[in-house]
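Engineer: Need coordinates for the following:
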Amino acid sequence: MSTISLKSFKKKVSIKQSNELTEAAYYLPLQAKRVLWLCLMQAYFSEASEDFESDVLPLFSVSVSDYVKYFNVATAVASRDVKAGVKALGESTVTFYPRDGEFEQVTRPWLSEAGMKRGRGSWQIEFNYKVMPFLVGLSSQFTTYSLYDCGQLNSVKVIRLYESLCQFRSTGTWVTDHEWLCERFMLPDSQRSNKAEMKRTFLEPAIKKINEKTPLRVSYRTQDDGRLLFSVMDKPLAIS
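Structural biologist: From the prediction side, this is the model:
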């Protein structure tokens, strides 16, 4: 497949992620994040209606061949990455912040089970049934973005910022604060305790990378109340 046709193919591959998941607190290494994307893609493409979440089962299949196809790596690398990604998902938790109900926040393991199929180069992943509603949406609010676009980013924290910014493409502005970013993205103590350090070592390099590698054009400023105001817009389409 040529470079041009491969890019055209990848641009058509979308991920639809519930805003509850976008706003959750978790850290996954890049391999695990990519495995999660491959599962979210399956939920997205299984959608038959706006109420598709009720029909999505917690079982997903992740193959080495799909990892090769979507992330443009060698088969040996993909095999290693998928195994590492599944292992990291199985050992990790995610914290959600429900808008309703008894709990202000709740932490759950991602997976119930993960099994590698004999000789097939694929894994069957079963998500924790209590996580599934957050994966496919407790509400009608979703963030949709292209796998090709976010696939140009190789830092998980930059990817998380990109996903958050994509929620506000339609309104063009996002207001948040230092504490929210540190908590949700699980930033290190040096950035939690020092706002200037967080901006210098995370936020500004991340925005630069997003502006270089994705369709978004992003800037930010600090308001008088200390909160961060992000400007989010799509870059003009290039005229061929």
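
Engineer: next one: phi and psi at Trp194?
Structural biologist: In this structure residue 194 is Asn, not Trp. Main-chain dihedrals, Asn194, degrees, to the nearest 10: phi -140, psi 110.

Engineer: Distance-wise, check it relative to Thr171.
Structural biologist: Distance, Asn194 to Thr171, using Cβ to Cβ, to the nearest Å: 30 Å. In this view, the C-beta of every residue, glycine as well, is placed from N, C-alpha and C.

Engineer: So between the two, which is more surrounded?
Structural biologist: With neighbours defined as other Cβ atoms under 10 Å, Asn194 and Thr171 compare such that Asn194 has more, 13 against 8.

Engineer: Please report how far the more buried one lies from Cys182.
Structural biologist: Taken as Cβ to Cβ, the span from Asn194 to Cys182 is 10 Å.

Engineer: cool, and Leu38?
Structural biologist: In terms of Cβ to Cβ, Leu38 sits 29 Å off from Cys182.

Engineer: Over to Leu135?
Structural biologist: Relative to Cys182, and taking Cβ to Cβ, Leu135 is found at 24 Å.

Engineer: Looking only at neighbour counts, state which of the two leads.
Structural biologist: The neighbour comparison of Leu135 against Cys182 (other Cβ under 10 Å) goes to Leu135, with 24 against 19.

Engineer: Secondary structure element holding Val73?
Structural biologist: When elements are assigned from DSSP states H and E, Val73 belongs to no helix and no strand.

Engineer: again but with Met186, I slipped
Structural biologist: Using DSSP H and E, no helix or strand contains Met186.

Engineer: can you pull the contacts of it?
Structural biologist: Contact partners of Met186, counting by Cβ atoms under 8 Å, 6 or more residues apart in numbering, are 25-27.

Engineer: where does this structure dip in pLDDT?
Structural biologist: Applying pLDDT under 70 to the chain flags residues 1-12, 44-56, 137-140, 237-240.

Engineer: contacting residues around the closest residue to Arg227 other than its chain neighbours?
Structural biologist: Spatially, and ignoring its direct neighbours in sequence, Arg227 is nearest to Asp177 (4.7 Å; Cβ to Cβ, 6 or more residues apart in numbering). By Cβ under 8 Å, 6+ apart, Asp177 lies in contact with 226-228.

Engineer: Kindly supply the ChimeraX command isolating those of those that are buried.
Structural biologist: To isolate the buried members of the contacts of Asp177 in ChimeraX, using 16 or more other Cβ atoms under 10 Å:
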select :228
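
Engineer: Output the contacts of Asp177 as JSON lines; include the columns secondary structure.
Structural biologist: JSON lines is the format used below for those (DSSP: H, G, I helix; E, B strand; the rest coil):
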{"residue": "Gly226", "secondary structure": "coil"}
{"residue": "Arg227", "secondary structure": "coil"}
{"residue": "Leu228", "secondary structure": "strand"}
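
Engineer: quick check, nearest of the contacts of Asp177 to Asn72?
Structural biologist: Nearest to Asn72 among the contacts of Asp177 is Leu228, at 33.7 Å by Cβ to Cβ.
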